[in-house]
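Visitor: show me the folded form of this:
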Amino acid sequence: MGWLSIFPPVLAIILAMKTKQVYFSLFFGIWLGWVILSEWNPIAGTTRALEACVNVFKDPDNTKVIMFSALVGALIAFTQYSGGMDGFVKWVVDRKLVRNRRQAGLLAWTVGMAIFVETSICILVAGAVARSLFDRFRISREKLAYISDSTSAPKCVLIPLNAWGAFIIGLLVKQGMENPIRVLVSSMAFNFYAVLAILLVLGVILWEKDIGPMREAERRIREEGKFLRDGAEPLISTEVTSMTKKEGVPPRVINMALPIVAMVIMMPVGLFITGHGNLMNGAGATSVFWAVLVGIGLGGFAYRIQKIMTVREIVDLFMKGVGGLIPLAILMIFAFAIGETCRELGTGIFVASVAKAALPAQFVPMLLFLVSSFISFSTGTSWGTFAIMIPIGVPIISMMGLHSGIVIGAILGGGVFGDHCSPISDTTIIASMAAATDHIDHVRTQLPYAVLAAGGAVLMYLVVGIFI
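Guide: Here you go, the predicted structure:
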């Protein structure tokens, strides 16, 4: 569809940022894409747009991710009603592990960095562990979303012992790349965006320097005590996030730690089973789905054994928690649908082909990063960007005699940029949910930091391209 392929996703993103109506904006992008594909027939386009949303569930992995996202609501409700969340906060405060805002931020960063098997699990655990502490020390929900988001995809792409590494290695193998593992490892030092994003968020925590909309969000929570701005719509119901523990139940850290630790442990176990003994060949979506089910099941069993809840209370709480995340599930459906719309339009392929036609050798790393960033931001998928750009980048390595690690690092860094901050990225959406904040507020407050890291990466790729 040529230049027309760019309009639906870009307009959807601009509209979402401008109006803060993310559901309408995403569906508008889906609708416009299918109207274009239907030769500007609005009736046919509307029908096909609705079908695209329904067809999201034809992909088992999409369905599992959506179900996982909704099931997280039950896990959050369990840990709060059982007194686990209060118990964890009390345990941390009594031992003086977290005594101020900086230490609360460092806890969230450390937890996020420690879990590298999967982005969604990383974001969820960091959000669950830190949200109550952030509220206690009056740190904005937007900053929690930024910290958990910045320690997910940027970190996972730097550590190949997960599904990310397996996927990238598989793409390199398909392109006939010799020693793909060595190439991936060598690209880590040149994945400037991922490294800068992680270091930048650590610097923000240590020096407590805020820029752009994040400064206003921090002022709001400090001076007015408001967790969310007026009119904000968090992706999780306030009935779930503000749930108090059951009356008469003592706060115990085990009631939060048990289901979350079980979920974290189950993730690599699931990857091992689905990968038939090889973690890197495991199915990420299936493993995440199993992990959250095990966490919920073990938590419910423990609460029943302790006589904290009856079976009826467990079931009712489960349904209430899942119901609280219905807005997130709808948003995930739209995110997947607009991704499929972009594939049908050929958005990524068109942008990549335009860039490929004019790539001066010394500017190749920088341009590959910029093109990958644009594709990932407009489509909301890092893996889809890798699938488009790696087949373009590998031939360039031999044709122009470039360092393979630099080229692959630039592509991976650009792909992560979009996954990190695009409003239609699944990890960005899950970060908003885990922090219980408005999704567009998360995007707006995080974007200046992401652009700052991307700007640093552009300069570094320019220097590398000229001197190496």
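Visitor: which ones are touching L196?
Guide: Shown in contact with L196 (CB atoms under 8 Å, 6 or more residues apart in numbering): 453, 456-457. C-betas here are computed from N, CA, C, even on glycine.
Visitor: same question but for I30, I mixed them up
Guide: Neighbours of I30 in contact, by CB under 8 Å, 6+ apart: 8, 12, 49, 52-53, 334, 337-338, 341.
Visitor: which of those fall within helices?
Guide: Secondary structure from DSSP state H places 8, 12, 49, 52-53, 334, 337-338, 341 of these in helices.
Visitor: give me the number of residues near W40?
Guide: 9 (other CB atoms under 10 Å).
Visitor: returning to what we had before: make a markdown table out of the contacts of I30 and add pLDDT, distance to I43 and neighbour count.
Guide: Shown next, in a markdown table, are these (pLDDT from 0 to 100; distance: CB to CB, whole Å; neighbours: other CB atoms under 10 Å):
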| residue | pLDDT | distance to I43 | neighbour count |
| --- | --- | --- | --- |
| P8 | 86 | 18 | 26 |
| A12 | 81 | 21 | 29 |
| A49 | 92 | 11 | 23 |
| A52 | 91 | 15 | 23 |
| C53 | 90 | 17 | 19 |
| F334 | 84 | 21 | 24 |
| A337 | 85 | 19 | 26 |
| I338 | 80 | 20 | 31 |
| T341 | 86 | 17 | 27 |
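Visitor: give the residue spans of the stretch 201-350 of the chain that score low on pLDDT.
Guide: By pLDDT under 70, the weakly predicted segments of the stretch 201-350 of the chain are 237-242, 279-280, 284, 348.
Visitor: surely F272 and A283 touch.
Guide: No - F272 lies out of contact with A283 (CB atoms under 8 Å); the separation is 10.9 Å.
Visitor: the two: who's more crowded?
Guide: A283 (18 against 15).
Visitor: residue contacts, that one?
Guide: By CB under 8 Å, 6+ apart, the neighbours of A283 are 61, 163, 270-271, 274-275.
Visitor: just the buried members of those?
Guide: Those of those that meet the buried threshold are 163, 270-271, 274-275, by 16 or more other CB atoms under 10 Å.
Visitor: nearest to A329 among these?
Guide: In terms of CB to CB, no member of the buried ones among the contacts of A283 lies closer to A329 than G270, at 21.3 Å.
Visitor: show me the helices in the stretch 151-300 of the chain, by range?
Guide: 153-156, 163-174, 180-188, 192-207, 213-219, 238-241, 254-274, 284-305 (DSSP state H, counting those that start in this stretch).
Visitor: next one: phi and psi at the closest residue to M188 other than its chain neighbours?
Guide: Distance criterion CB to CB, 6 or more residues apart in numbering; nearest residue to M188, sequence neighbours excluded, is L158 at 5.3 Å. Dihedral pair for L158: phi -90, psi -10, per degrees, to the nearest 10.
Visitor: now do the same contact list for L158.
Guide: 188, 191, 194-195, 198.
Visitor: least confident of those?
Guide: The lowest pLDDT within the contacts of L158 belongs to M188, with 91.
Visitor: tell me how far that one lies from K226.
Guide: 40 Å (CB to CB, to the nearest Å).
Visitor: with E142 instead?
Guide: 11 Å.
Visitor: looking at these two, which one has more neighbours?
Guide: Per other CB under 10 Å, whichever of E142 and K226 has more neighbours is E142, with 30 against 15.
Visitor: of the contacts of L196, which is the most crowded?
Guide: A457 (28 neighbours).
Visitor: quick one: terminal-to-terminal distance for stretch 360-368?
Guide: 11 Å (CA to CA, to the nearest Å).
Visitor: what sits up against that stretch?
Guide: Against stretch 360-368 from outside (CB under 8 Å, 6+ apart): 190, 355, 359, 389, 393, 396, 400, 402, 406-407, 409-411, 414, 458, 461-462, 464-466.
Visitor: same question, stretch 379-387
Guide: In contact with stretch 379-387 (CB under 8 Å, 6+ apart) are residues 9, 153, 157, 167-168, 171, 335, 338-339, 342-343, 347-348, 372, 375-376, 411-412, 414-416, 418-419, 422-426, 428.
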